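Visitor: structural data only, the sequence is not supplied:
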């Protein structure tokens, strides 16, 4: 499978994502934000970081950058688009995903391992992952997912909630909510599940000696599907 | 001409920074402050002499970039 990682000024998880994708067999290429065309890809990744210094709102400037039109066209044609952390924020700012990521409820930058519960496996991102709960890393100041009541109903009705914050047993109640996110939401899909945005970083959990391997499960599943 | 815009969070949307500012004010001598909502202010110089045309353009800017209508409202002054 071929993948492309878009680099914005201020992206800082682009190289980690490149390493992770290549480790699990993707032919990955890096694409600069000021380009207009994306090389032929099966997957486009918007990486984490602080694109354009988080000016105005996180992801808002990147959401209007030159490369974005190609990302939107690719997404609308059914291509797989994955946004991690700042990439998730960018996807909500483009309107490809519903809702928005607001500042964390308690105004703190959170950097720690968390557990997330997989809410929907009827998609390429989680299809054959045996586990129900993954241990992944989060590092963000704006991860507090919010959307209107109507939108919430719509994403619940369409099974668009991808992952929720939980404990190691999968209890996704308020006590396991690190940032105030609505319904503990850590990641959402587009309606037809080809676009996934999530705050946790699977690319940081691909090495048993440094972190953990639940990110490996994510990438292995992705390339096999 | 110059167009001024204020972007604020919609009513009902949690504003943790506003809350922190309110609590700080309460902890100073301003204990009669019951709520603070924080927003953004923009001064936009548009090369356009017709006021209504300029404001129409700024309205488009608000919808497309300056405000995220999921959580924010804008007001052109």
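Guide: Here it is on my side, so go on. Only a predicted model underlies this, so the values are computations on that prediction, with no experimental measurement involved.
Visitor: ok, the residue of chain A found nearest chain B - contacts?
Guide: Taking C-beta to the nearest C-beta as the measure, the point where chain A comes nearest chain B is residue A:100, at 4.7 Å. In short, each C-beta sits where N, CA and C put it, glycine included. Listed by C-beta atoms under 8 Å, 6 or more residues apart in numbering or on different chains, the contact set of residue A:100 reads A:57, A:89, A:92-93, A:145-147, B:68, B:70-71.
Visitor: next: residue B:64.
Guide: By C-beta under 8 Å, 6+ apart, the residues touching residue B:64 are residue A:64.
Visitor: tell me the secondary structure at it.
Guide: Assigned state for residue B:64: helix (three-state reduction, DSSP: H, G, I helix; E, B strand; the rest coil).
Visitor: again, but for residue B:54
Guide: Here residue B:54 is helix, with the state taken from three-state DSSP.
Visitor: one step back: among the contacts of residue A:100, name the ones in helices.
Guide: Members of the contacts of residue A:100 lying in helices (criterion: DSSP state H): A:89, A:92-93.
Visitor: also near chain B: which of those residues, exactly?
Guide: The residues of the ones in helices among the contacts of residue A:100 that also fall near chain B, by C-beta under 8 Å from any C-beta of the partner chain, are A:92-93.
Visitor: quick check, the residue in chain B closest to chain A?
Guide: Counting by C-beta to the nearest C-beta, chain B gets nearest chain A through residue B:70, at 4.7 Å.
Visitor: ok, and the closest non-adjacent residue to the residue of chain A closest to chain B?
Guide: Among residues not flanking residue A:100 along the chain, residue B:70 sits closest, at 4.7 Å (C-beta to C-beta, 6 or more residues apart in numbering or on different chains).
Visitor: same check on residue A:23?
Guide: Across the structure, with C-beta to C-beta, 6+ apart as the measure, the residue nearest residue A:23 apart from its sequence neighbours is residue A:206 (6.1 Å).
Visitor: contacts only, for that neighbour.
Guide: With contact set as C-beta under 8 Å, 6+ apart, residue A:206 has these partners: A:19-20, A:23-24, A:213, A:215-216, A:219.
Visitor: and residue 6, what are its bridge partners?
Guide: The chain I'm using is chain A. In this structure, residue A:6 has the following beta-bridge partners (DSSP bridges): residue A:31.
Visitor: my question was about chain B
Guide: Bridge pairing for residue B:6 (DSSP bridges) gives the partners residue B:41, residue B:75.
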